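A.B. asks: Quick check, what structure comes out for this input:
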Amino acid sequence: MESQQSGSAIGAPRGRGYRYNAIVEERRWAETLLAGERRLLEMIASGRSLPDVLDALCSFVEQAAPECNCGVYLIDWSGPCFRVGAAPSLPASYTEPVDGLPVRRDVAPCGVAASLKVQVIIEDIESDTRWSVYREHVLAHGLRAVCSTPVCSHDGRVLGTFCVYQRQPGKPSSRQHELIAQVTHIASIAIERAQEEAALIRSQALLAEGQRLSRTGTFWWRVATDEFEWSDECYRILAVDHSAPLTFALIDARVHPDDVNNVKARLAQARHDANDFEFECRLLLPDHAITFLRVVARARRDRGVLTEYIGAIQDVTERRVSEAALGKLRSELARVSRVTTLGALTASIAHEVNQPLAGIMTNAGTCLRMLDANPPDIAGARETARRTIRDGTRAADVIARLRALFTRHAPATETVDLNAATREVIALSRSEQQRAGVILRAELGDGLPAVTGDRVQLQQVIMNLLVNASESMSSVADRPRELVITTERDEGDHVRLTVKDRGTGFDAQATDSLFDAFYTTKTGGMGIGLSVSRSIIESHHGRIWAAPNDGPGATFAFSIPSVAATAADVV
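C.D. replies: Below you'll find the model as predicted:
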C-alpha cells in the first residue's frame, strides 16, 4: 500500500524542477480519477449490469494502484451473509469460500466494517490473530494487508463492502484513501440503482401477477389526443394482440352490440363532464364468447382542466355467472321450502276446498227441489244458483292460490300491496290456525305504500313466519295461543311486517344462528325455511330479523323498500 518515495538523497534541496514534476504528477492523478469516474458513471447511466460495473470499478482501482487487488462483496441481509459482487483479479479458490460468509464481527474485517459502518485496516494479516479462519484463508493466497470499507446507501444502509488487498504489509497511502473514497461512492450508486431496478421489476411482476389472478387490467387515457396505454391484462381481457394500435374503434369492435350505444354514451359523458366514472358492459370476443366487464376510472386534472383518466377494467364473468346460478338455486330452494310446508297445511287445504264444494252440492240439490216444486220456486232457484256460483268462485280462488304458492315459476317483479298479499296468506292458513287453537289477529296499517318484488316469494316468507309462530305455540297450555301480524311504515320509505307469538321463544344467544341454513330448533325440522326467507328478503333489498319478547314468545319481522324508495335507489 504505502511505498517509499524515490528521488533525491535525504537532505538534498528540492528545486523548481521537483515542484513542477509534483504538480504534473498531481494533475495526471486527478485526470486519472476523473476519467475513471466518468467512465464508471457512464456505464451506470447506460444501464450496464451491476457485475459489469463492479468489475470495471475493481479494474480501475487495480490499474491506478497496480500493487493492489480488489473485491466488492454485497450483503444479503436476509441471511445476513456476503455475496461476491466482483473480484476480477482474485482466483475462484479465494472468492468461492467468501460467498455466503455470515456478516459477523468475529468472522472477517468485512464483518466489522459492515456491522459497525467503519473502515477496517489490517496492516499485517499474518501478525493479526483476531480472525484465525479468515487469516489462514487470505494468507494462503499470498495476501498480507487489507482495507475494508463499508459501501452505504444515501440513507445510511450498508449495501456491501469494498476491499483492497496488498501482497506486502502496509496501510493505504493518501492517494489510495482518495481512490477508495471515490470508488466506494460510485459503488454505492451502482448497487443502490441495481437494487431499485430489481425492486421495480419485482413490483411490476407482482402487479402483473396480481392483475392476472384478479382478472383486472389497468389503463391510461389522455383525453385531448385519445392516446391509450394498457397493461398486459387489458390486452388479454379484450383478446387483442399487443401489436394492435389501441383506438376507440378497436374498443367498439369488442363491445357487445347491445351495449355499444351505452358505452359510447358513458365515454362521451366522461369526456364532457370530466368526472370519475364507473359502469359495466359486455364484450363479444372473436370466438363469440361473452365477457362481463366492470370499468372504473378516476379523472386527473391540471389547473382544473381534465387531462387524463387512470382506470381499471375487471373481468367479472365468473361472478356474473355465479350470481345467475345462485339466483336460480335460491329460487329452487325457495320452491322446495314452500313444498315442505304443504304437509303442515294439508288439513287446511282440504277444509278450504271442501267447504265451497259442499256448498255447491247443497245448493245444487236445493235448486233442483225448488224447480221440481209445483209451482216451481223460480226466485228461490235463482238465488240458490247465485250461491252456487259464489262457492264455485271461492273454490277456484283457493286452487289458484295453492298453485301460485307451490308451483315452480320464475321470479316476477311487480308492484305488490303487502296488506293484500298478507290477507291472502291469512285466508289460506286460517283453518289450520283454528285447528291448532291459535288466535290470529291482523293489525294491518292503513295507507301503506306499495312495494316492488315477487308477490309469491313475499307470501312464502309470510307463510313461513306464520307456520313457525303457530308451531312454537303447539305445546303451550297455560296461556292463550295468540299470534299478531302487523304491517306499518318503517324508516327510510320502507314497509315492515311483524309476526309476534306467545310461544316457547328461543335463546337470545341463538339469534345470530336462526337464519343460517340447516339450523333449526324444531324436532324433525329441515332448517331451511328461515334461511330461504332471509335470501328472499335480501334479494328484495330488505332485511329480516328476530328477537325474544319481553314476555313469552318471540317476534320475527322484515322490512323492504317501498316503490318510491326503490325508484330513488335506481336514480
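A.B. asks: Run through the bridge partners of residue 310.
C.D. replies: For residue 310, the beta-bridge partners under DSSP bridges are residue 220, residue 298.
A.B. asks: Surely it touches residue 222?
C.D. replies: No - the pair residue 310 / residue 222 is not scored as a contact, 10.5 Å apart, by C-beta atoms under 8 Å. C-beta here means a position set from N, CA and C on the backbone, and glycine is covered the same way.
A.B. asks: show me where the stretch 201-350 of the chain has strands.
C.D. replies: Secondary structure of the stretch 201-350 of the chain (DSSP state E, counting those that start in this stretch): strands at 216-222, 227-230, 277-284, 290-302, 305-315.
A.B. asks: What strands line up against the shortest one, and which way round?
C.D. replies: Counting by DSSP bridges, the strands paired with strand 227-230 are strand 216-222 (antiparallel).
A.B. asks: now the angle between strand 305-315 and the partner strand, please.
C.D. replies: Angle between the axes of strand 216-222 and strand 305-315 is 160 degrees (criterion: axes from the mean of the first three to the mean of the last three C-alpha atoms, to 10 degrees).
A.B. asks: Which stretches in the stretch 51-200 of the chain count as helices?
C.D. replies: Taking DSSP state H, counting those that start in this stretch, the helices of the stretch 51-200 of the chain run over residues 92-98, 109-116, 132-139, 174-214.
A.B. asks: Which neighbouring elements make contact with the first one?
C.D. replies: The one in question is helix 92-98. For helix 92-98, the packing partners by 3 or more C-beta pairs under 8 Å, 6 or more residues apart in numbering; DSSP states H and E come out as strand 68-76, strand 81-86, helix 132-139.
A.B. asks: And for residue 28, the neighbour number?
C.D. replies: As a burial measure, residue 28 scores 10 neighbours (other C-beta atoms under 10 Å).
A.B. asks: Please report how far it lies from residue 56.
C.D. replies: With distances taken as C-beta to C-beta, to the nearest Å, residue 28 is found 20 Å from residue 56.
A.B. asks: got it, and residue 357?
C.D. replies: Here the criterion is C-beta to C-beta. By it, residue 357 lies 105 Å from residue 56.
A.B. asks: Looking at these two, which is more packed in?
C.D. replies: residue 56 (20 against 14).
A.B. asks: correct me, but residue 69 touches residue 90?
C.D. replies: Yes - counting by C-beta under 8 Å, residue 69 touches residue 90, with 5.8 Å between them.
A.B. asks: Overlap of the contact sets of those two?
C.D. replies: Taking C-beta atoms under 8 Å, 6 or more residues apart in numbering as the criterion, residue 69 and residue 90 both touch residue 165.
A.B. asks: More neighbours: which of those two?
C.D. replies: residue 69 (23 against 19).
A.B. asks: wait, what's in contact with the more buried one?
C.D. replies: Residue 69 neighbours (C-beta under 8 Å, 6+ apart): 62, 87, 89, 90, 143, 164, 165, 166, 167.
A.B. asks: again, only using 6 Å
C.D. replies: 89, 90, 165 (C-beta atoms under 6 Å, 6 or more residues apart in numbering).
A.B. asks: Domains in the protein, by residue range?
C.D. replies: As recorded under automatic domain parsing, the domains making up the chain are 16-198, 215-315, 328-570.
A.B. asks: Out of the helices of the stretch 51-200 of the chain, which is the most enclosed?
C.D. replies: By mean neighbour count, with neighbours taken as mean count of other C-beta atoms under 10 Å, helix 109-116 ranks first of the helices of the stretch 51-200 of the chain at a mean of 22.
A.B. asks: Please name the nearest non-neighbouring residue to residue 29.
C.D. replies: Nearest residue to residue 29, sequence neighbours excluded (C-beta to C-beta, 6 or more residues apart in numbering): residue 175, at 6.5 Å.
A.B. asks: Quickly note the distance from the one you found to residue 90.
C.D. replies: 22 Å.
A.B. asks: Also residue 496?
C.D. replies: Distance of residue 496 to residue 90, computed by C-beta to C-beta: 84 Å.
A.B. asks: repeat for residue 174
C.D. replies: 25 Å.
A.B. asks: number of nearby residues for residue 424?
C.D. replies: By the criterion of other C-beta under 10 Å, residue 424 has 19 neighbours.
A.B. asks: Secondary structure element for it, which one?
C.D. replies: Residue 424 belongs to helix 418-435 when assigned by DSSP states H and E.
A.B. asks: And that helix, what does it pack against?
C.D. replies: helix 346-372, strand 439-444, helix 455-472 (3 or more C-beta pairs under 6 Å, 6 or more residues apart in numbering; DSSP states H and E).
A.B. asks: at 8 Å instead, please
C.D. replies: Judged by 3+ C-beta pairs under 8 Å, 6+ apart, helix 418-435 is in contact with helix 346-372, helix 378-406, strand 439-444, helix 455-472, strand 482-490, strand 494-501.
A.B. asks: before we move on, the earlier item: mind giving me JSON lines with the domains of the chain and columns for distance to residue 321 and mean pLDDT?
C.D. replies: Formatted as JSON lines, the domains of the chain follow (distance: least, C-beta to C-beta, whole Å; pLDDT from 0 to 100):
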{"stretch": "domain 16-198", "distance to residue 321": "40", "mean pLDDT": "88"}
{"stretch": "domain 215-315", "distance to residue 321": "8", "mean pLDDT": "85"}
{"stretch": "domain 328-570", "distance to residue 321": "11", "mean pLDDT": "78"}
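A.B. asks: For the ones you listed, could you give me a markdown table that also reports distance to residue 204?
C.D. replies: Compiled in a markdown table, the domains of the chain are given as follows (distance: least, C-beta to C-beta, whole Å):
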| stretch | distance to residue 204 |
| --- | --- |
| domain 16-198 | 10 |
| domain 215-315 | 10 |
| domain 328-570 | 40 |
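A.B. asks: now the residue nearest the centre of the chain, nearest residue through space, not along the chain?
C.D. replies: Residue closest to the mean C-alpha point of the chain, counted by C-alpha atoms, centre = their mean, is residue 214 at 7.9 Å. Once flanking residues are discounted, residue 214 sits nearest to residue 314: 7.0 Å by C-beta to C-beta, 6+ apart.
A.B. asks: The residue nearest to the centre of the chain contacts residue 316, correct?
C.D. replies: No - Residue 214 is beyond contact range of residue 316, at 10.3 Å (criterion: C-beta under 8 Å).
A.B. asks: before we move on, back to that, can you add mean neighbour count and give the strands of the stretch 201-350 of the chain back as a markdown table?
C.D. replies: A markdown table is the format used below for these (neighbours: other C-beta atoms under 10 Å):
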| stretch | mean neighbour count |
| --- | --- |
| strand 216-222 | 18 |
| strand 227-230 | 15 |
| strand 277-284 | 17 |
| strand 290-302 | 16 |
| strand 305-315 | 18 |
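A.B. asks: Switch these over to a markdown table; also include distance to residue 415.
C.D. replies: A markdown table is the format used below for these (distance: least, C-beta to C-beta, whole Å):
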| stretch | distance to residue 415 |
| --- | --- |
| strand 216-222 | 39 |
| strand 227-230 | 45 |
| strand 277-284 | 27 |
| strand 290-302 | 29 |
| strand 305-315 | 35 |
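A.B. asks: Out of these, flag the one nearest residue 104.
C.D. replies: Closest approach to residue 104 among the strands of the stretch 201-350 of the chain is made by strand 216-222 (44.9 Å; C-beta to C-beta).
A.B. asks: Determine the number of other residues adjacent to residue 441.
C.D. replies: Residue 441: 10 surrounding residues under other C-beta under 10 Å.
A.B. asks: Identify the residue spatially nearest to it, adjacent ones excluded.
C.D. replies: residue 484 (5.0 Å).
A.B. asks: gap between that neighbour and residue 559?
C.D. replies: 17 Å.
A.B. asks: between these two, which one's more packed in?
C.D. replies: Neighbour count, other C-beta under 10 Å: between residue 484 and residue 559, residue 559 has more, with 20 against 17.
A.B. asks: Thanks a lot, see you next time.
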